[in-house]
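Peer 1: With the input below, show me the fold.
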Amino acid sequence: MEQTLTPFDSMTQKRELQMLKTILPYIKGEQKKQFAILIKYMELQNTIQVFSQEDKVLSMCSVEENENSMLSMLNALRQFCTEKEQETLDMLANMFSMLETYETIFN
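Peer 2: Prediction:
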């Protein structure tokens, strides 16, 4: 399972935050908890900033009109899943494809 940033993550997680997250395991004791909370607070601030810029939110939260959104969503999820989870996604994708074919035939 390869770790990939989503469009949302790439817009809200700056390079500096990734660096802070990298050093977190090396911090000792109670400071680690405080540091982790600080990192999450900074992520929240970045998220609020991104959502205050409407053009960025629209590009992050949109897919092409002609795409089957359910199948596209399932395919996009694959990169974050284990093999077993990918099998489940494949089963769901097949089910949605069959339902779509059924609707096409009978409508």
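
Peer 1: only C-alpha atoms for contact and neighbour calcs from this point on.
Peer 2: OK.

Peer 1: what's the helix or strand hosting Q18 packed up against?
Peer 2: Under the criterion of DSSP states H and E, Q18 resides in helix 15-23. Applying 3 or more Cα pairs under 8 Å, 6 or more residues apart in numbering; DSSP states H and E, we find helix 15-23 packed against helix 29-51.

Peer 1: in the helix it packs on, what's buried?
Peer 2: 35-36, 39, 42-43, 46-47, 50 (16 or more other Cα atoms under 10 Å).

Peer 1: And these, which is the shakiest by pLDDT?
Peer 2: Minimum pLDDT across those is recorded for V50, with 85.

Peer 1: In this structure it contacts M11, no?
Peer 2: Yes: V50 is in contact with M11 according to Cα atoms under 8 Å; the separation is 7.1 Å.

Peer 1: okay, the spatially most central residue of the chain: pLDDT?
Peer 2: By Cα atoms, centre = their mean, the chain has its centre lying nearest to T6, at 4.3 Å. We have a pLDDT of 78 for T6.

Peer 1: E83 and K33: what is the separation?
Peer 2: 33 Å (Cα to Cα, to the nearest Å).
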